[in-house]
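Asks: Sequence unavailable; structure follows:
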């Protein structure tokens with residue numbers, strides 16, 4: 001009987017995501033947090049951890065769903081895009097068949113200690129809908145349920161967990177430059193999307209542009225001359241700056 005009651009209690013709490021069923025043994029903060037010390041929009045490549053709140057949809061009241069996840073999420077950053085992994089408890093993994101965050105479906109990795117749910121390209125600054133697909137056994141049948149909550153990252157708890165996020169190990173910004181001919185009035189090539197490309201002759205800036213895609217074109221203030229040496233520099237937050245010297249042909 002005790003076993004049956006325990007199972008039913010677990011099922012009721014799990015199926016009550018966002019429904020307000022007490023979960024006294026789990027302490028869940030209900031207050032939103034202040035701005036992050038680390039800028040979540042400009043994290044260097046590396047791995048981080050971050051805490052989060054799970055609220056009942058449309059409120060700042062804690063949802064019991066928080067009790068079915070580890071209190072910290074893993075964040076992996078590459079090229080300023082964040083991949084987030086949530087780890088569920090072993091009990092929750094038995095019933096959660098699917099999980100989406102901000103309409104992005106999770107990649108699920110099963111484990112006896114608790115499945116992990118990984119989401120790509122996540123905006124850490126934005127509250128996101130956390131939607132559950134649950135399969136709950138009731139009266140000898142499996143009942144499929146859809147439940148929702150709101151996940152809010154506590155960005156002021158962001159902390160690096162690997163040395164790859166330090167400035168010493170920044171990835172170099174990509175930069176290629178096409179040949180520049182005498183009397184040309186532009187310099188073209190490729191770089192990282194969002195990088196700033198500047199063209200100089202000595203200390204004089206001839207032109208600059210912030211790219212909207214990988215290909216770039218810098219319009220020059222005046223036509224270049226043969227044998228001029230141009231310095232083409234690409235910069236982007238979170239990356240090592242790269243400079244190339246191009247001789248006008």
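Replies: Now that the structure is in, tell me what you want to look at. Please read these numbers as outputs of a predicted model, since none were measured by experiment. Residues are numbered from 1 along each chain as shown.

Asks: Scan the helices and strands of this protein for the one with the lowest mean pLDDT.
Replies: Within the chain, no helix or strand scores below helix 2-15, which has a mean of 40 by mean pLDDT, DSSP states H and E.

Asks: buried stuff in the helix or strand harbouring residue 97?
Replies: Following DSSP states H and E, one finds residue 97 within strand 96-101. Neighbour-count burial for strand 96-101, counted by 16 or more other C-beta atoms under 10 Å, picks out 96, 99, 100, 101. No exception for glycine: its C-beta is placed from N, CA and C like everyone else's.

Asks: In space, what's closest to the residue nearest in space to the middle of the chain - neighbours in sequence excluded?
Replies: What sits nearest the mean C-alpha location of the chain, by C-alpha atoms, centre = their mean, is residue 82, with 2.1 Å. Spatial nearest neighbour of residue 82, chain neighbours left out: residue 122 (5.0 Å); criterion: C-beta to C-beta, 6 or more residues apart in numbering.

Asks: Looks to me like that neighbour is in a helix.
Replies: No: under DSSP: H, G, I helix; E, B strand; the rest coil, residue 122 sits outside any helix and is assigned coil.

Asks: Can you give me the pLDDT of it?
Replies: In this prediction, residue 122 carries a pLDDT score of 95.

Asks: Near it, how many other residues are there?
Replies: Neighbours of residue 122 under the rule other C-beta atoms under 10 Å: 22.

Asks: Likewise for residue 140?
Replies: Counted with other C-beta under 10 Å, residue 140 comes out at 5.

Asks: For the protein, just list every one of the helices.
Replies: Here the chain has its helices, by DSSP state H, at 2-15, 90-93.

Asks: you'd agree residue 235 is up against residue 175?
Replies: No: applying C-beta atoms under 8 Å, one finds residue 235 not in contact with residue 175, separated by 9.8 Å.

Asks: Find residues that contact each of those two.
Replies: Common contacts of residue 235 and residue 175 (C-beta atoms under 8 Å, 6 or more residues apart in numbering): residue 195.

Asks: Would you map out the domains in this protein?
Replies: Each domain of the chain is listed here as a residue range: 2-167, 171-247, per automatic domain parsing.
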